[in-house]
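Novice: kindly return the folded structure for what I paste below:
(4 chains)
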4 protein chains.
Amino acid sequence: MDLAALIEKLREFARERDWERYHTPKNLAMAMSVEMAELVEHFQWLTPEESLAVQNDPAKLTAIGEEMADVLLYLVRMADVLGVDLEQAALRKIGLNAIKYPPVPQKAKS
Amino acid sequence: MDLAALIEKLREFARERDWERYHTPKNLAMAMSVEMAELVEHFQWLTPEESLAVQNDPAKLTAIGEEMADVLLYLVRMADVLGVDLEQAALRKIGLNAIKYPPVPQKAKS
Amino acid sequence: MDLAALIEKLREFARERDWERYHTPKNLAMAMSVEMAELVEHFQWLTPEESLAVQNDPAKLTAIGEEMADVLLYLVRMADVLGVDLEQAALRKIGLNAIKYPPVPQKAKS
Amino acid sequence: MDLAALIEKLREFARERDWERYHTPKNLAMAMSVEMAELVEHFQWLTPEESLAVQNDPAKLTAIGEEMADVLLYLVRMADVLGVDLEQAALRKIGLNAIKYPPVPQKAKS
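Specialist: Here you go, the predicted model:
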């Protein structure tokens, strides 16, 4: 994924619409959480099995992909506004998670 | 951002911990929304100005970057489980947004 | 508020629509979080001052009241399904909060 | 539930801690959504059946009741700040839902 290009597109998008003043981290966090809920909404009444079967429903998958995109776009925009390196943060977090949850063989979850 | 490498890392991470059975889209959406709220929490009592000033506080920025990473990691994992092309979805959504919100000069928002 | 009557209404509502099987605590938590986000959405781009001024806008206030009601209804329904006494839990939590945050004179918050 | 008494307690709680200035509807919506996510977190990896079985686990039920209380307390506080009559809004919403979802016999949901 060309993150730098995505950042630039979103920066320009905000500038052309005079939206920069709305894009405080506080507002972006709120807006992102609303998009997240629109993603959650697709799965709220589904059984776990039905939620997996969604991958075989192209129309639903497109709709879900749009909500996922909305979350990603706000995440990338917030990273730009705050000066966070998203990729570095993600790789660092995987490392922290690997320490927190060692890959020991776990056959059951209590 | 090397999305393919990130997908592979997360796939392996889940496999090594026997977590694949928990990673239904329904569960991943819930877990992602919880991480999202941990990001929101950083900003809940801040003024808009204070939320912008966070970029000058390295310790806070690292903590916020971790929450942003958590959201991204679940988003990437969900995309893999569902077979969604995140980058394509993001670019498509920018196009749709450009149609929905034309870049007309708007001096004020009612 | 007549909580017992509200519980009974919602119980009957679910029964009459054959929705009881969907009303697991997991699903109700998801649905409630979606309604919560619809409440958040009303405030996402507002300044703190604008969010307070909403109380002078009857149409907006009615719309916001509807989202607040949605959250309350799912909360009451979940309490019924799980057998939680909401009022007792609320009073208990106020007591816990009073211990956690003593009412010392605090002139400023850093 | 004695809603008037609850409102008064929360009003006094905020006043004694000089928290009134933080309690804008925007901030309360954010804080409430964070508490909501703490409720969701209890259920994120559970199967639907496990989420129902929670009612037989007193310790877990107390913890869940606390998160439900947090959501309720912020909801009541927001209603007070905005001047919304929560009970009236809830009853009105049940009426609207009854129109939107008629209690026709539905044997299956697609």
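
Novice: wait, doesn't A:I94 sit right on B:E8?
Specialist: No - between A:I94 and B:E8 there is no contact under CB atoms under 8 Å: 11.2 Å. C-beta here means a position set from N, CA and C on the backbone, and glycine is covered the same way.

Novice: the more surrounded of the two?
Specialist: Counting neighbours by other CB atoms under 10 Å in any protein chain shown for A:I94 and for B:E8 shows that A:I94 has the greater number, 15 against 12.

Novice: what residues are up against that one?
Specialist: B:K9, B:L10, B:F13, B:L73 (CB atoms under 8 Å, 6 or more residues apart in numbering or on different chains).

Novice: same thing but at 6 Å, please
Specialist: Shown in contact with A:I94 (CB atoms under 6 Å, 6 or more residues apart in numbering or on different chains): B:K9.

Novice: gap between it and B:H42?
Specialist: Relative to B:H42, A:I94 is positioned 21 Å away (CB to CB, to the nearest Å).

Novice: what does stretch A:62-75 rub up against?
Specialist: A:L28, A:A31, A:M32, A:E35, A:M36, A:E38, A:L39, A:H42, B:V84, B:A89, B:A90, B:K93.

Novice: between those, which is closest to chain D?
Specialist: Nearest to chain D among the contacts of stretch A:62-75, counting by CB to the nearest CB, is A:M36 at 9.8 Å.

Novice: which residue packs closest to the closest one, ignoring adjacent ones?
Specialist: Residue nearest to A:M36 in three dimensions, not counting chain neighbours: B:M36, with 4.7 Å by CB to CB, 6 or more residues apart in numbering or on different chains.

Novice: tell me the secondary structure at the one you found.
Specialist: helix (DSSP: H, G, I helix; E, B strand; the rest coil).

Novice: thought A:V34 was touching it, still the case?
Specialist: No - B:M36 sits out of contact with A:V34 when judged by CB atoms under 6 Å, with a separation of 9.9 Å.

Novice: more neighbours: those two, which one.
Specialist: Just comparing B:M36 and A:V34: by other CB under 10 Å the higher neighbour count belongs to B:M36, 33 against 24.

Novice: what pLDDT is listed against the more buried one?
Specialist: With respect to pLDDT, B:M36 scores 98.

Novice: any low-confidence regions in chain A?
Specialist: Chain A contains residues with pLDDT under 70 at A:104-110.

Novice: the helix or strand encompassing A:A31 - contacts with which helices or strands?
Specialist: Assessed by DSSP states H and E, A:A31 sits inside helix A:25-41. The contact analysis (3 or more CB pairs under 6 Å, 6 or more residues apart in numbering or on different chains; DSSP states H and E) places helix A:25-41 against helix A:58-82, helix B:25-41, helix B:48-53, helix C:25-41.

Novice: give me the contact list for that helix.
Specialist: Residues from elsewhere that reach helix A:25-41 (CB under 6 Å, 6+ apart): A:67, A:70-71, A:74, A:78, A:82, B:29, B:33, B:36, B:39-40, B:43, B:46, B:48, B:51, C:30, C:34, C:37, C:40-41, C:44-45.

Novice: so that helix versus helix B:25-41, what angle?
Specialist: Orientation of helix A:25-41 against helix B:25-41 (axes from the mean of the first three to the mean of the last three CA atoms, to 10 degrees) gives an angle of 170 degrees.

Novice: gap between helix A:25-41 and the chain center?
Specialist: 9 Å (CA atoms, centre = their mean, to the nearest Å).

Novice: using PDB, write out every CA atom in it.
Specialist: These are the backbone C-alpha positions of helix A:25-41, laid out as PDB (Å, rounded to 0.1, in the frame of the first residue of the first chain):
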ATOM      1  CA  PRO A  25      -7.300  14.600  16.500                       C
ATOM      2  CA  LYS A  26     -10.300  14.800  18.800                       C
ATOM      3  CA  ASN A  27     -12.800  15.200  15.900                       C
ATOM      4  CA  LEU A  28     -11.100  12.600  13.800                       C
ATOM      5  CA  ALA A  29     -11.200  10.100  16.600                       C
ATOM      6  CA  MET A  30     -14.900  10.600  17.000                       C
ATOM      7  CA  ALA A  31     -15.500  10.400  13.300                       C
ATOM      8  CA  MET A  32     -13.400   7.200  13.000                       C
ATOM      9  CA  SER A  33     -15.300   5.600  15.900                       C
ATOM     10  CA  VAL A  34     -18.600   6.300  14.000                       C
ATOM     11  CA  GLU A  35     -17.200   4.600  10.900                       C
ATOM     12  CA  MET A  36     -16.100   1.700  13.000                       C
ATOM     13  CA  ALA A  37     -19.600   1.300  14.300                       C
ATOM     14  CA  GLU A  38     -20.900   1.200  10.800                       C
ATOM     15  CA  LEU A  39     -18.600  -1.700  10.200                       C
ATOM     16  CA  VAL A  40     -19.700  -3.400  13.400                       C
ATOM     17  CA  GLU A  41     -23.400  -2.900  12.300                       C
END
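
Novice: and that helix, what's buried?
Specialist: Of all the residues in helix A:25-41, those buried under the rule 16 or more other CB atoms under 10 Å in any protein chain shown are A:25-41.

Novice: now A:Y22: closest residue in space that isn't a chain neighbour?
Specialist: In space, and not counting its chain neighbours, A:Y22 is closest to C:W45: 5.2 Å by CB to CB, 6+ apart.

Novice: SS state for that neighbour?
Specialist: Applying three-state DSSP: C:W45 is coil.

Novice: tell me how far it lies from B:A53.
Specialist: C:W45 is 20 Å from B:A53, by CB to CB.
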